[in-house]
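>>> Provided below are the primary sequence and the corresponding predicted coordinates.
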Amino acid sequence: MALTLNTNVIVFLFMILGTWASLAMSRTLHEAAMVEKHEQWMVQHGRTYEDQAEKEMRFEIFKQNLEFIENFNKAGNRSYSLSINQFSDLTDEEFLASHTGYKLIHAQSRISTTSFSYENQTEVPSSLNWREQGAVTDVKDQGSCGCCWAFSAVAAMEGITKIKKGTLISLSEQQLLDCSTNGNYGCNGGLMNNAFEYIIDNQGLTSESNYEYQEMQGNCQTQMELVAQIQSYQKVPRNNEEALLQAVAKQPVSIAIDASGIKSYSGGIFDGDCGTNLNHAVTIIGYGSETDGTEFWLIKNSWGETWGEDGYIKMKRNADAAEGLCGLAMDASYPIA
């Protein structure tokens, strides 16, 4: 009996050891696969690190981001998908600190807060894409400078210039970064309205080719040919997606959003987790609906073409909250040419 008992115990112990070994092997293989994916990602995005310690730290962040993305997509219960991208070795906090830049710092505004020229606009198309009208330039990349406010303002101005003048010109964000300093703080944040104020006072803006983007604030260059002008700008009534629709039906519109949930967005209609802590500026360049009836805004971002849907994001339209999904209806404005 004792021999039988001992044999059973030994078999049991071997089974436990085998299970542990299998789990250890599985973990080792998983870790090796993660390391390989990180190495491939580094090559793809040209990422290098200062030393081995930084590389190991960034690998852990990359692994956590990738595991979250894989689990999210595997669940398959949302209307959008995630993927690794150029931001995948950053924490959410690092990402928001370095790649957004909407900052609610007000300068004195010359416009009436009640002015909204499109309030009687009752006939609007069921869908619209200003790209198809030739009123949207290629997606740009603000990099690690927090000047989304400049890219949002420029995209809206490029749109209305094409609509009114018939010519699409890529305009200069760098001019705003260097010269629009009344209520804007370069890579440390700003507001589209303050950018519009500068353009009005300066009697125009030069082209991207004349004043190229440097991803940092520099000295204001004043001897530049001005290729586009605006007369004024207006605010869309706050927390009113119907008014926002009226405006977008006429031209691209600058808006602010809470970007806390979109770092790894790769496609579909975003309806995810975000609040109303506005921290990023983008530009609505259209709207529409999917075959299942889900309505969306089509939004141009400034994180390059490798992010999202070739640099764009679809965000759910007519969300339950009055302020719109991620606060997109809280602070919208548009230039008047």
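Right, received. Where do you want to start? Residues are numbered from 1 along each chain as shown.
>>> how about the strands in this structure?
Using DSSP state E, the strands found in the chain span residues 80-82, 128-129, 232-235, 253-257, 265-270, 280-289, 295-300, 312-316, 332-336.
>>> tell me what the shortest one is packed against?
Counting contacts by 3 or more CB pairs under 8 Å, 6 or more residues apart in numbering; DSSP states H and E, strand 128-129 is packed against strand 280-289. Bear in mind the C-beta positions are built from the backbone N, C-alpha and C, glycine included.
>>> what's the model's confidence in the strand it packs on, averaged?
On average, the pLDDT along strand 280-289 is 98.
>>> quick one: it to strand 312-316, angle?
Relative orientation of strand 280-289 and strand 312-316, computed by axes from the mean of the first three to the mean of the last three CA atoms, to 10 degrees: 70 degrees.
>>> Okay, Ala97 and Ile160: tell me how far apart.
31 Å (CB to CB, to the nearest Å).
>>> okay, the two: which has more neighbours?
Neighbours were tallied for Ala97 and for Ile160 using other CB atoms under 10 Å; the higher tally belongs to Ile160 (21 against 14).
>>> from what I can see that one touches Ile336, true?
Yes - the criterion here is CB atoms under 8 Å, and Ile160 meets it with Ile336 at 7.2 Å.
>>> Name the residues contacting each of the two.
Common neighbours of Ile160 and Ile336, counting by CB atoms under 8 Å, 6 or more residues apart in numbering, are Ile230.
>>> on that earlier part again, relative to Thr222, which of the strands of the chain is closest?
strand 332-336 (21.2 Å; CB to CB).
>>> With just CA atoms, put that closest one into CSV.
Output in CSV follows, covering the C-alpha atoms of strand 332-336 (Å, rounded to 0.1, in the frame of the first residue of the first chain):
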residue,chain,number,x,y,z
ALA,A,332,-16.3,74.6,-32.1
SER,A,333,-15.4,77.5,-34.4
TYR,A,334,-14.9,78.4,-38.0
PRO,A,335,-13.2,81.2,-40.0
ILE,A,336,-15.0,83.4,-42.4
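>>> contacting residues around it?
So strand 332-336 is contacted by 117, 153, 156-157, 160, 192-193, 196, 199, 230-236, 244, 247, 251-256, 284 (CB under 8 Å, 6+ apart).
>>> With stretch 213-230 instead?
Counting by CB under 8 Å, 6+ apart, 140, 142-145, 147, 157-158, 160-161, 165, 169, 171-175, 177-179, 181, 186-187, 196, 199-200, 202-207, 210-211, 335-337 sit against stretch 213-230.
>>> and if you look at stretch 300-312?
85-87, 99, 136, 138-142, 148, 151-152, 155, 252, 262, 265-267, 282-285, 298-299, 313.
>>> Tell me the span between the first and last residue of it.
Counting by CA to CA, to the nearest Å, you get 5 Å between the two ends of stretch 300-312.
>>> can you give me how far that stretch is from the chain middle?
7 Å (CA atoms, centre = their mean, to the nearest Å).
>>> what's the answer for stretch 122-141, then?
For stretch 122-141, the distance to the chain centre is 17 Å (CA atoms, centre = their mean).
>>> List the buried residues for it?
Going by neighbour count (16 or more other CB atoms under 10 Å), the buried part of stretch 122-141 is Val124, Leu128, Trp130, Arg131, Ala135, Val136, Thr137, Val139, Lys140, Asp141.
>>> Tell me the one of the residues you listed nearest Asp51?
Using CB to CB, those come closest to Asp51 at Asp141, 27.2 Å.
>>> So for this protein, which residue is the most central one in space?
Asn301 (4.8 Å; CA atoms, centre = their mean).
>>> Right, I'll leave it there.
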